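Peer 1: Mind looking at a prediction? Sequence and model below.
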Number of protein chains: 2
Amino acid sequence: MGGKLLKEIHKVRPFDCLQQEVFLNLIRTADHLMRGFEVLLKPYNLSPTQYNILRILRGAGDCGITCKGIGEHLITRDPDITRLLDRLEARNLITRQRDTKDRRVVSTRLTPEGAKILRELDKPVMEMHRSQLAHMSEMKITQLIDLLEEVRSAE
Amino acid sequence: MGGKLLKEIHKVRPFDCLQQEVFLNLIRTADHLMRGFEVLLKPYNLSPTQYNILRILRGAGDCGITCKGIGEHLITRDPDITRLLDRLEARNLITRQRDTKDRRVVSTRLTPEGAKILRELDKPVMEMHRSQLAHMSEMKITQLIDLLEEVRSAE
DNA sequence: TGCTTTTATCTGTTAAGACAACTATTCTGT
DNA sequence: ACAGAATAGTTGTCTTAACAGATAAAAGCA
């Protein structure tokens, strides 16, 4: 199926250059893996972004983290942090509290309930990542990581 | 800057396994390249998906293509084809016409105006793809393409 | 101290994506 | 021919993402 699709794409949209082929392959592959992630999270009614925010909050620990800090740690840039947090707060997965020293800042923390969901997801998430790449050798995986980092190393 | 960010992510969200590291790298890299694409398309008021649809229509040629056909050729799955086409039609970039033989089907074609915009974009798009990967050797690029295809080869 | 700039977050608006239900048309098997 | 299944597309609803502008607090400085 993947092969057939690729051939069709080739027919309708021939690659103009290697660089474009990388681009399309990257987008397609990222989308492919992301779909698996979404399917896994769906029963918990979490989007990948929401899950990421919970992970970031867990990493931040008891001292919490600001909206800005969350934005800097997110995998993809610029989502609407305020309203994402609104919804997570409404579901009791996080708490927000305006900083007493710098009153511009709101620090956000995980609730016990949020931490519990994260713990439940830890194993399935890791298993999904592993199974999505189960057919690839560790050497190739490492190679791929290096190449991806090199792509982003520009600027 | 890239390095600093990665270190911070490492601190807050340590990689649990190589496979997860691939996942995060892929998403991040795809996002990175996609931003460049969005910036390029912005002056034309086109989203990447809209641009892709125009490309698919150009590939389909005079005989046009169905909604279903468009969906199968899109890089990422499942957008709302009908309303995407609505907006492109409203901007006179495409035309739609119900098939006379199979009246369930609507075939969509590029208008001259749509084709013109695509032609204008051809060179900048390719230049962007090239410049985004200008720092990488052709060998590594080919390697990366192969590895990405291998990731998707599962199932 | 006041005035300006910067920082952090929030709000409003529009366009997209996800999902499910709905309509219209064609196909299939009897 | 005809009932039921399958196919193609549209529509409604809800949640997000993108973007711009507003608000509020803190910092910098004459």
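Peer 2: In hand now; what should we look at?

Peer 1: Alongside DNA strand D, which residues does chain A contribute?
Peer 2: A:47, A:49-50, A:77-80, A:84, A:87, A:101-104 (C-beta under 7 Å from any atom of the strand). Where you see a C-beta, it was placed from the backbone N, CA and C, and this is true even at glycine.

Peer 1: ok, which pair from these is furthest apart?
Peer 2: Greatest spatial distance among the residues of chain A next to DNA strand D (C-beta to C-beta): A:47 and A:101, at 32.5 Å.

Peer 1: rewinding a little: of the residues of chain A next to DNA strand D, closest to residue A:27?
Peer 2: residue A:77 (16.1 Å).

Peer 1: Could you check the pLDDT of the closest one?
Peer 2: pLDDT recorded at residue A:77 is 68.

Peer 1: Just confirm residue A:27 contacts residue B:52, I think it does.
Peer 2: No: contact between residue A:27 and residue B:52 fails when scored by C-beta atoms under 8 Å: they sit 9.7 Å apart.

Peer 1: Common neighbours of these two, please.
Peer 2: Common contact partners of residue A:27 and residue B:52 (C-beta atoms under 8 Å, 6 or more residues apart in numbering or on different chains): residue B:75.

Peer 1: For residue A:17, give its distance to residue B:123.
Peer 2: For residue A:17, the distance to residue B:123 equals 12 Å [C-beta to C-beta, to the nearest Å].

Peer 1: hmm, back to that, who has more neighbours, residue A:47 and residue A:101?
Peer 2: residue A:47 (16 against 5; other C-beta atoms under 10 Å in any protein chain shown).

Peer 1: ok, and the closest non-adjacent residue to the more buried one?
Peer 2: In space, and not counting its chain neighbours, residue A:47 is closest to residue A:41: 6.8 Å by C-beta to C-beta, 6 or more residues apart in numbering or on different chains.

Peer 1: Count the neighbours of residue A:46 for me.
Peer 2: 21.

Peer 1: which SSE is it in?
Peer 2: Assigned by DSSP states H and E, residue A:46 belongs to no helix or strand.

Peer 1: Give me the phi and psi for residue A:95.
Peer 2: Per-residue torsions, residue A:95: phi -130, psi 150 (degrees, to the nearest 10).

Peer 1: what do you get for residue A:55?
Peer 2: Residue torsions, per degrees, to the nearest 10, at residue A:55 are phi -60, psi -40.

Peer 1: What pLDDT does the model give it?
Peer 2: For residue A:55, the model assigns a pLDDT of 93.

Peer 1: quick one, strands of chain A?
Peer 2: Secondary structure of chain A by DSSP state E: the strands cover A:65-66, A:94-98, A:106-110.

Peer 1: Quick check: nearest residue in space to residue A:65, chain neighbours excluded?
Peer 2: Closest to residue A:65 by C-beta to C-beta, 6+ apart is residue A:108, at 6.0 Å.

Peer 1: now swap in residue A:95 and tell me
Peer 2: residue A:109 (5.3 Å).

Peer 1: contacting residues around the one you found?
Peer 2: Per C-beta under 8 Å, 6+ apart, neighbours of residue A:109: A:57, A:60, A:62, A:64, A:94, A:95, A:96, A:97.
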